[in-house]
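Engineer: sharing a model that was predicted from the sequence below.
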Amino acid sequence: MPELPEVETTVRDLKKYILGRKIEDVWSDTYKLIKKPKSFSEFKKKLTGRKIENIQRKGKNILLRLSGNGTLLIHQKMTGHLLYGKWQITNSKWQLKEKGPLEEPVNRFIHLMLWLSGRKMLALSDLRKFAKIEFWDNLELENSKGFKILGPDPLEKSFTFKKFKSVIKKKPKGKVKQILMDQSIISGIGNIYSDEILWVAEIHPFTQIVQLSDAELKGIYVAVKKILAKAIKLKGDSMSDYRLITGKKGGYQNVQNVYQQEGKKCPRKDGGIIKRIKIGGRSAHFCPVCQQLKQ
DNA sequence: TGCAGTGTTGCTTC
DNA sequence: CGAAGCAACACTGC
């Protein structure tokens, strides 16, 4: 599940490999991934010949800034991830060259490929085909609804405690886990890291924002920064489908404190056994001893 | 074997 | 208006 640390890792690695390359051709076997423009041939025409001038992240979105004031926006949703390699043409489909850096030379979940200058290739692997691919005119993207609605990014300098408090209090009755995952409040946090953050802060996921003291809010704020920094250092969580663009795994899945640890002992050794409960249709994992619900 | 679980977003429903 | 439910999809694990 690519959340902020996974997307940030991808963007940093992409910068190492594809900056300055030209998009020479585009292939896909799943046109519905491409939401804008709707027609694949039009999409292909828009991208072809453009140079990748910059690469950025906004929340969980990857932005490939292209020459001619265009942007390729990629949202990986659940199981999408980008892979980088050398390429060759085989049986009219583009497949990754065996000696390329990928661990799996042929990945049957690849549904989009960009053929780049220098005989390089960028592929989107997505088992569940939920990913979103869009080409935007830069000005249009800045003014788009999806872009404007995004809350502050925890890695930005402007994400101060004051800022955090002001945005989080927009939904005082909301449960803290859901609020942390709300992209219009804060952008970048999903199910894995919201569980991990609340464990560090020792807050029950069902706690309403209005119930939190200033000290507790500060604890959550500090935990957001701490956990995201740690996860970026470990290059993300590869428990599910996420991989580095080289095909290698990140390391956060080896240090998860509560996420998908149901039935295990709390790492604080307080005697608690990690519980899993449903909140808004998804799982929340927490320790019932150090993360107690108030009254 | 079959079905619940996996989690992001956006749309529909109440 | 806001919250809740569900669909999109395909594989894994019990």
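Structural biologist: Yep, it's here. Not measured: the values here are computed from a predicted model.
Engineer: interface residues of the stretch 1-150 of chain A facing DNA strand B?
Structural biologist: Proximity of the stretch 1-150 of chain A to DNA strand B, by C-beta under 7 Å from any atom of the strand, involves residues A:1, A:3, A:59-60, A:75, A:77-78, A:128, A:130, A:146. To be clear about C-beta, it is placed using only N, CA and C from the backbone, and glycine gets the same treatment.
Engineer: mind running it again at 6 Å?
Structural biologist: Taking C-beta under 6 Å from any atom of the strand as the criterion, the stretch 1-150 of chain A approaches DNA strand B at residues A:1, A:3, A:60, A:75, A:77-78, A:130, A:146.
Engineer: which members of the residues you listed are positioned in helices?
Structural biologist: A:Gly146 (DSSP state H).
Engineer: lowest-confidence entry in the residues of the stretch 1-150 of chain A next to DNA strand B?
Structural biologist: Ranked by pLDDT, these bottom out at A:Met1 (77).
Engineer: on that earlier part again, out of the residues of the stretch 1-150 of chain A next to DNA strand B, which are buried?
Structural biologist: Among these, those buried by neighbour count (16 or more other C-beta atoms under 10 Å) are A:1, A:3, A:60, A:75, A:77-78, A:146.
Engineer: of these, which belong to strands?
Structural biologist: For these, the ones inside strands are A:His75, with DSSP state E as the criterion.
Engineer: what stretches of chain A score poorly on pLDDT?
Structural biologist: A:87-106, A:295 (pLDDT under 70).
Engineer: the lengthiest helix in it: how far from the chain's middle?
Structural biologist: Once chain A is assigned using DSSP H, the helix that runs over the most residues is helix A:214-233. Helix A:214-233 has its average C-alpha position 17 Å from the chain's average C-alpha position, going by C-alpha atoms, centre = their mean, to the nearest Å.
Engineer: dump the residues of the stretch 1-150 of chain A next to DNA strand B to JSON lines, plus distance to A:Leu155.
Structural biologist: Shown next, in JSON lines, are those (distance: C-beta to C-beta, whole Å):
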{"residue": "A:Met1", "distance to A:Leu155": "18"}
{"residue": "A:Glu3", "distance to A:Leu155": "12"}
{"residue": "A:Lys60", "distance to A:Leu155": "12"}
{"residue": "A:His75", "distance to A:Leu155": "18"}
{"residue": "A:Lys77", "distance to A:Leu155": "21"}
{"residue": "A:Met78", "distance to A:Leu155": "22"}
{"residue": "A:Phe130", "distance to A:Leu155": "24"}
{"residue": "A:Gly146", "distance to A:Leu155": "20"}
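Engineer: near DNA strand C, list only the ones from the residues of the stretch 1-150 of chain A next to DNA strand B.
Structural biologist: Here is what survives when those are matched to DNA strand C using C-beta under 6 Å from any atom of the strand: A:Phe130.
Engineer: might one say that A:Ile149 is in contact with A:Ile185?
Structural biologist: No. Using C-beta atoms under 8 Å as the test, A:Ile149 is too far from A:Ile185 to be in contact (10.2 Å).
Engineer: which residue of these two possesses the greater neighbour count?
Structural biologist: When A:Ile149 is set against A:Ile185 and neighbours are counted by other C-beta atoms under 10 Å, the residue ahead is A:Ile185, at 21 against 11.
Engineer: ok, back up a step: okay, among the buried ones among the residues of the stretch 1-150 of chain A next to DNA strand B, which ones form the most distant pair?
Structural biologist: Of all pairs drawn from those, the widest gap by C-beta to C-beta lies between A:Met1 and A:Gly146 and measures 19.3 Å.
Engineer: ok, whichever residue of the stretch 51-200 of chain A sits closest to DNA strand B to A:Leu180 distance?
Structural biologist: The shortest separation between the stretch 51-200 of chain A and DNA strand B is 2.4 Å, found at A:Gly190 (distances taken as C-beta to the nearest atom of the strand). According to C-beta to C-beta, to the nearest Å, A:Gly190 and A:Leu180 sit 9 Å apart.
Engineer: got it, and A:Gly59?
Structural biologist: Here the distance between A:Gly59 and A:Leu180 works out to 13 Å (C-beta to C-beta).
Engineer: ok, the two, which is more surrounded?
Structural biologist: Neighbour count, other C-beta under 10 Å: between A:Gly59 and A:Leu180, A:Leu180 has more, with 26 against 22.
Engineer: quick one: the more buried one from A:Lys163, how far?
Structural biologist: Note on A:Leu180: its distance to A:Lys163, by C-beta to C-beta, is 15 Å.
Engineer: show me where the stretch 1-150 of chain A has strands.
Structural biologist: Taking DSSP state E, counting those that start in this stretch as the criterion, the stretch 1-150 of chain A contains strands spanning A:23-28, A:34-36, A:52-58, A:61-66, A:70-75, A:80-90, A:93-96, A:110-116, A:120-126, A:132-137.
Engineer: nice, that's everything, thank you.
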